[in-house]
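Q: Need coordinates for the below:
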Amino acid sequence: MLAEHRSKDQREAAAPQYDDKIINGYECASHSQPWQVYISYNGGQWCGGSLISSRWIISAAHCYQPQSELAKMEAREVWVIHLGLKVQYATKLQCLDLPVLSDSACKASYSNMITTNMFCAGFLEGGKDSCSYFHALMYLLFSQADSGGPLVCNGKLYGVVSWGRMCALRNSPGVYTKVCNYFDWIKNIIEQN
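A: Numbers count the residues shown, from 1 in each chain. Got it, this is the predicted structure:
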């Protein structure tokens, strides 16, 4: 998930697009999101992520696959991986402008499932979203679509796409991990490796 600052006229002029990851977003300007990465494992399960240096990525913890060749350092809701290869930059990405919701609006949508390490972003009326998925009955996280991708505010990584109830539904905003809550842990992992 990407947040890019555009005027209302610019957003309305950009044709809304449905993509298997972003609902009603728009194509980002070429090379405007150099931190955005795509992670795949043997052509299978995949997630988004954010390049935080030339060799480090932050993503969602539930995206990790043990058989990958990437070194994983655990935290509860985010993970940091060290790359053993150079990054190739994408030229086409979907962007989406979303408001960050108040804690009370977030908790009203998800009751006691929201922790101090989470926040919500999206439109309570639905219609626009990144497609992360939360299976409420089993309380299991499924890595799907934009999980692990960034929510960027004013050029700073603010959140990591974590989960949500289906995609673009009314009263079901996306749930994100608060990156600032993990800053010291991330810094420590990078400095030690």
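Q: how about C180, what does it touch?
A: Going by Cβ atoms under 8 Å, 6 or more residues apart in numbering, C180 touches Y158. In short, each C-beta sits where N, CA and C put it, glycine included.
Q: Hmm, I typed the wrong one, I wanted S109.
A: When contacts are counted by Cβ under 8 Å, 6+ apart, S109 touches 120, 124, 165, 171-173.
Q: Repeat the analysis, applying 10 Å as the threshold.
A: By Cβ atoms under 10 Å, 6 or more residues apart in numbering, S109 lies in contact with 101, 120, 122, 124, 164-165, 169-173, 175.
Q: where along the chain do the helices fall?
A: Remark: helices assigned in the chain by DSSP state H are 8-13, 103-110, 183-192.
Q: Pull up the gap between R55 and G149, please.
A: For R55, the distance to G149 (Cβ to Cβ, to the nearest Å) stands at 19 Å.
Q: Then C167?
A: From C167 to G149 the distance is 14 Å (Cβ to Cβ).
Q: Neighbour count for these two, which is higher?
A: Neighbours per residue, other Cβ atoms under 10 Å: of C167 and G149, the larger number sits with G149, 30 against 21.
Q: So which one of the contacts of S109 is the model least confident about?
A: Least confident of the contacts of S109 in the model: R165, at 79.
Q: What about K92, how many residues nearby?
A: That count, for K92 with other Cβ under 10 Å as the rule, works out to 8.
Q: For the closest residue to it other than its chain neighbours, name its beta-bridge partners.
A: Residue nearest to K92 in three dimensions, not counting chain neighbours: E27, with 6.4 Å by Cβ to Cβ, 6 or more residues apart in numbering. E27 has these beta-bridge partners by DSSP bridges: Q94.
Q: quick thing: my sequence starts at 2, can you match it?
A: Renumbered: residue one is now 2, and that last one reads E28.
Q: residues near E28, how many?
A: Neighbours around E28, by other Cβ under 10 Å: 15.
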